[in-house]
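**Q** The sequence and its predicted three-dimensional model are supplied below.
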Amino acid sequence: MSRTKTKRYLVLLAAVGLVAAALGGTGTFASFNAEVTNHGNTFQTGSLVLSNTIGTASACFSSDVGNTNNVNNCGAIFGLPVDWQPDGTTLTKRLTLENTGSLTPTALTWFAPLLTTAGATSGGTLVCNFEHYTPAGSHPYVGTGNPCTALGLQIQEYNAAFTVPTPSCVWPAGASACSSFASLSTLPNAPATISGGLAPATPRYFEITIQYPTSAGAADNAYQAERTYFDLTWHIE
Amino acid sequence: MTELKKLLLGLMLLGAVTYFGGGGTWASFSAETSNGGNGISSGTLTMSDQINTGGLCLTTNAASANNVNPACGAALTLTNVAPGIAASTAKITIQNTGSIDASKFAVWASSTNATLNAAITSGNSVTSLTVSGLEGTVASGDTIVLSYGANTQTFLATAVATPPATTISVQASPPGPATANANYPIGATVTDTTSDTNSGSTAANNTDCYDRQTTSPGTVGATKGTDLNFNPILGNPFCARALLFVQETTGGLNYCWYGSGSPIDPIAPAVGEAVSGLCAIPIIGVTTSGVLTFPGNITSIPITPTTLNGSVSAGDQIVVTSGAHTETFTAGAAANFLIGSTGVTSIPVTSQAVTTPTFPAGSTVVDLTAANAMNSDTTSTLANFDTAHHSTGPIQLPPVTASGTANATASVQLAHNASRTFLVGLYMPAPSGINQNFLQGLVSTFGITWHIDQ
Amino acid sequence: MKKVLASLLVLGGLSFLTAGGTFALLNSEESNPGASIASGTLTFSNVVNAGTACFSYGGPASPGNVNNTCQALFVATTQNYPNVQATAQVKIANNGSLDASDLSVYMPSCTNTVTPGAPTPGGGNPCAAGGAQLYLQETDSSFAATKCWFPAGPTTCTFAANALSVFATNFATSAGALDLGSGPAHAQTRYFVVGMELPSTASNTLQGQAAQFGLTWHLTN
């Protein structure tokens, strides 16, 4: 038998495809292994920080107090004392809202939280409250009127220069620039959406105007010596 | 005495001398017989080597013309092997095809070897040997023996040669310029007799068994050894891990000449292996052919015919598994295996009452005793076969008189016309808790030599 | 005489041939060279979304077949918002020659850090309870859901509270990895989607915080 022919009779008992599992999982026999790691995964969140600037004052940030709720009471837009008279005139303040965080919220909303006592927020049953007081140097007078129903409020958005109103009214809500006022007692307690959201680094500018009631003659005295309270909350999420 | 009588006596003597010294034609009385046709002839001691049912490889037609055939077929060619898969075997039948009984029969690990691939002319200077089929590594300084017919010449290697080298640089032994002492034609045997001697810092590299990274994948499109960076071949790590076994099965009698459970190279012998003459070879991939219903007394495990691919000895732990359920039995008797055997249809077990759920047909069956023995065996490796059992440490093969018993004093180990059969097998162990990734994509190549003496 | 001498010669020759002792004996030898055993390979690639394949053997030679530098599933260029799902597709392809008997996955670590560029981080820990949520979904090749591995479920995964924390705690080591069953076989691929989300109820403490983690896939045969 030649060497060539002999070599043709090689035995090929390959074990292609057989797996160690044929041992039936009866032990922890070692075997080949391979491993890869998808490393450096970063699942991160951004932040939402709402800055609230009244007029030309310094910005107040939702994160300023360091609480975990990211909630901050930034002070009154209309601060005491305001000696108003029922003459139909208005008082306007400017408010700038800005998202100084890194996330774009899904919505910008506002509402008037319920008050429990005059000046307090949350937990109460009214969005506007009032109390009687005696102005300094004045004789006490207890008015019988409800200023929350007499005072009107309007929220109008403007451009950054406060020269051009946007063609919509935040309050009373409307599809064109504000042309009327709604009483404080009708402020929404449920969050109302301000369309357009509040993307990071894109401030929005608002004028908030209170209108005093027009004179009703002797009935005007019902509003003497009364302090009126209301809160406005701005929210992004 | 008269002058005439002296003359006549001299003439008679002259005639006698002439007769005895040179023939002649003197007439006289005579008688003669002869014993013609005497003759004397020598016997023969030759052998054949058959792998499975292949053709016979004979020593008589070896290219080296010295009754040594170094190039019979490779016993096994295994590819894409993973740790812990079933061992693979080849049946090798060795026959004494001569007319003389062999008093000695042995097997040993081949030395690093090759065949001459360019003829050498007597008297020519020799600085290198052109070879083909170099198996194993030649270290600088190794003794290289060239042999053809009745001629041999010894050289010293002057540089390392590793497969697939085709040149071995040499000088004379003792060192000096070498001149061919005879004609050595192509086919002459080249043997590194220093290899496998397990000496020096390069011992693990200087063996017949050698490792290379695979250059073709085990399956089409897959990664191969040369694609990887964690499988170095220095020290022939696969040779040092792959297990070899040589299991005799002549006439149905078993003897484990090398491997786990062999009395030649015993490790903590597996229960029963040495007594039964069976090497420890785990059965893997064997499945039950019938349902084992519990509760009940089980006395045998029915197995799918032809799937028994290892050896079971009495006392071995046999584990049957189906999903999360396992049950362990004790083998009641040995279960032998042969390539192509269809006869084994069950494994007898010691009667055992169990209550675990039914095991359906197709449940896996593992001889855990054999598996543990081989998976923890670091002795019966290809590397140890090379270094412990090369030509100066052969495994003598006295005749097996009963399974597990050999007659070491027998005067004839392989009678003329007699043959003996062996199962030669390889197994890649899966030792628990050991990362064997460094063995991925490697191929170990080795040889095995059979030898008979008058 | 010649015949006698010839006979003596034969007799002596016979004695020579049969005396044994230090005289050479006949022998015969055969070798079966070239027997070989070649091991297969168990390697795989990891592809994230439409990225390039990252191979297990692309790592250093030691320990070998371990690559810790494959592409991240979730990157630092994205800031995630509560109730907004982030997903990544992962393809595990066995390009070795041997079938895998098991695939598992684990998260060696989850570390809480601050998101760069996000002002006023809240100080919370997205790796902890109440933090980010994670799921591991197996799919077919078109990424249609076939099995939810974590949180365990039938087919389609849904987010569950504290899922990232639970995963990072329970499946933090190779020995304690989440078992994903057998396969892939050689030349086969398994497909997964990893989803992450901050719950809609996430507190503001999780603002500006980042969970940094690795996800390790382990194949054995």
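**A** Structure received.
**Q** Tell me how far A:Pro86 lies from A:Leu151.
**A** 9 Å (C-beta to C-beta, to the nearest Å). All C-beta atoms are positioned from the backbone trio N, CA, C, and that covers glycine.
**Q** what residues do these two have in common as contacts?
**A** A:212-213 (C-beta atoms under 8 Å, 6 or more residues apart in numbering or on different chains).
**Q** Neighbour count for those two, which is higher?
**A** A:Leu151 (24 against 21; other C-beta atoms under 10 Å in any protein chain shown).
**Q** Helix or strand, whichever it is, which one in chain B has the lowest mean pLDDT?
**A** When the helices and strands of chain B are scored by mean pLDDT, DSSP states H and E, helix B:3-22 comes last with a mean of 49.
**Q** wait, is C:Ala168 part of a helix?
**A** Yes - according to DSSP: H, G, I helix; E, B strand; the rest coil, C:Ala168 belongs to a helix.
**Q** Quick check: closest non-adjacent residue to it.
**A** Counting by C-beta to C-beta, 6 or more residues apart in numbering or on different chains, C:Ala168 lies nearest to C:Cys110, which is 4.0 Å off, once chain neighbours are set aside.
**Q** pretty sure that neighbour is touching C:Gln209, no?
**A** No - judged on C-beta atoms under 8 Å, C:Cys110 makes no contact with C:Gln209 at a distance of 11.9 Å.
**Q** For these two, work out which one has more neighbours and name it.
**A** C:Gln209 (27 against 24).
**Q** Show the contacting residues for that one.
**A** A:44-45, C:112-115, C:121-126.
**Q** can you do 7 Å?
**A** A:45, C:112, C:114-115, C:121-122, C:124-126 (C-beta atoms under 7 Å, 6 or more residues apart in numbering or on different chains).
**Q** okay, now the nearest residue to B:Ile100 once chain neighbours are set aside: neighbour count?
**A** Nearest residue to B:Ile100, sequence neighbours excluded (C-beta to C-beta, 6+ apart): B:Gly43, at 4.0 Å. If you count neighbours by other C-beta under 10 Å, B:Gly43 ends up with 11.
**Q** residues contacting B:Gly43?
**A** Going by C-beta under 7 Å, 6+ apart, B:Gly43 touches B:98-100.
**Q** which other helices and strands contact whatever helix or strand B:Ile144 lives in?
**A** Taking DSSP states H and E as the criterion, B:Ile144 maps to strand B:143-148. For strand B:143-148, the elements it packs on are strand B:151-157, strand B:189-192, judged by 3 or more C-beta pairs under 7 Å, 6 or more residues apart in numbering or on different chains; DSSP states H and E.
**Q** mind putting those in a markdown table, mean pLDDT and distance to C:Leu215 included?
**A** Shown next, in a markdown table, are the helices and strands packed on strand B:143-148 (pLDDT from 0 to 100; distance: least, C-beta to C-beta, whole Å):
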| stretch | mean pLDDT | distance to C:Leu215 |
| --- | --- | --- |
| strand B:151-157 | 96 | 54 |
| strand B:189-192 | 94 | 52 |
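**Q** if we can go back for a sec, which of the contacts of B:Gly43 count as buried?
**A** Buried members of the contacts of B:Gly43, counted by 16 or more other C-beta atoms under 10 Å in any protein chain shown: B:98, B:100.
**Q** where does residue 34 land on pLDDT?
**A** No chain specified, so I'll use chain A. Looking at A:Ala34, its pLDDT stands at 93.
**Q** um, chain C though
**A** Reported pLDDT for C:Gly34: 93.
**Q** again, but for the one 3 residues further on
**A** The score at C:Ile37 is 95. That number is its pLDDT.
**Q** which ones are touching it?
**A** Remark: with contacts taken as C-beta under 7 Å, 6+ apart, C:Ile37 is in contact with B:78, B:81, B:242, B:426, B:428, B:443-444.
**Q** do B:Ala106 as well
**A** B:Ala106 makes contact with B:394-397, B:451, according to C-beta under 7 Å, 6+ apart.
**Q** Nearest to chain C among those?
**A** B:His451 (4.5 Å; C-beta to the nearest C-beta).
**Q** ok, now how distant is the residue nearest to C:Ala168 from C:Ala211?
**A** 6 Å.
**Q** Now do the shared contacts for those two.
**A** C:127, C:164.
**Q** need the residues of chain A near chain C, please.
**A** When proximity is defined as C-beta under 7 Å from any C-beta of the partner chain, chain A approaches chain C at A:17, A:19-21, A:31-49, A:63, A:68-70, A:100-103.
**Q** what about 8 Å?
**A** A:17, A:19-21, A:31-49, A:61, A:63, A:68-70, A:100-104, A:106 (C-beta under 8 Å from any C-beta of the partner chain).
**Q** Among these, which lie within strands?
**A** A:33-45, A:61 (DSSP state E).
**Q** pLDDT weak spots in chain C?
**A** C:1-24 (pLDDT under 70).
**Q** which residues of chain C fall in strands?
**A** Using DSSP E, strands in chain C cover C:27-39, C:44-48, C:54-55, C:66-70, C:79-80, C:86-94, C:102-106, C:110-114, C:133-139, C:145-150, C:178-179, C:189-197, C:209-220.
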